[in-house]
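> Whatever this is, show me its structure:
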Amino acid sequence: MRETQRKGDIAVAQAIATFTKINYDVSIPMTESAAYDLIIDTGLELKRVQVKYCGGLEVDLRNIHSNSKGYVVKKLKEDSFDWLYVYTKDGRQYLITESLAGRRSIKLSNQHLLI
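Numbering: from 1, shown residues only. I've put the predicted structure just below:
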C-alpha cells in the first residue's frame, strides 16, 4: 500500500472516531466514486464529509492520483461535499464548514480546530 493511501486511511479512521465521540452517527459510502468519504448524521441533518490528511497547515483541495498514463489532477467541483475534515501529522483535527468552491487550497487556522 502506498504511503499516501495509508495516511488517508488514518485520517478517515480518526474522523470516524471523533464524530462518533461527539455523538454523531457516521456512515461510509459503499462506492469509491463519491466525492466525499463519510456521511455524518448530526441528529438534525446529514452532512457529506471529505476527509484529508495534511502534513502542514495548507490543504490542497485537488484530488491527485496516478494511472497508466501518469498523474491525474481533478479540481474541486462545486457542491462536492458539505464539510472538510482535516487530520494533520501532529494529531490536530480541523473542520471547515464554509463553501470551498473555486479554491485550490485552504490554510488551516485555529478557528477551524475541532478538538
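
> How is Ala13 classified with respect to secondary structure?
helix (DSSP: H, G, I helix; E, B strand; the rest coil).

> List the buried residues of stretch 72-92.
Using 16 or more other C-beta atoms under 10 Å as the test for burial, stretch 72-92 gives Leu76, Ser80, Phe81, Asp82, Trp83, Leu84, Tyr85, Val86, Tyr87, Thr88, Arg92. Heads up, the C-betas are built off the backbone N, CA and C, glycines and all.

> Lys47 is in contact with Ile40, isn't it?
Yes. With contacts counted by C-beta atoms under 8 Å, Lys47 reaches Ile40, the gap being 4.5 Å.

> intersection of neighbour lists for these two?
Common contact partners of Lys47 and Ile40 (C-beta atoms under 8 Å, 6 or more residues apart in numbering): Trp83.

> of the two, who's got more company?
Ile40 (23 against 19; other C-beta atoms under 10 Å).

> How about the secondary structure of the closest residue to Leu46 other than its chain neighbours?
Spatially, and ignoring its direct neighbours in sequence, Leu46 is nearest to Ile39 (5.8 Å; C-beta to C-beta, 6 or more residues apart in numbering). Following three-state DSSP, Ile39 is assigned to strand.

> One more: Asp9?
helix.
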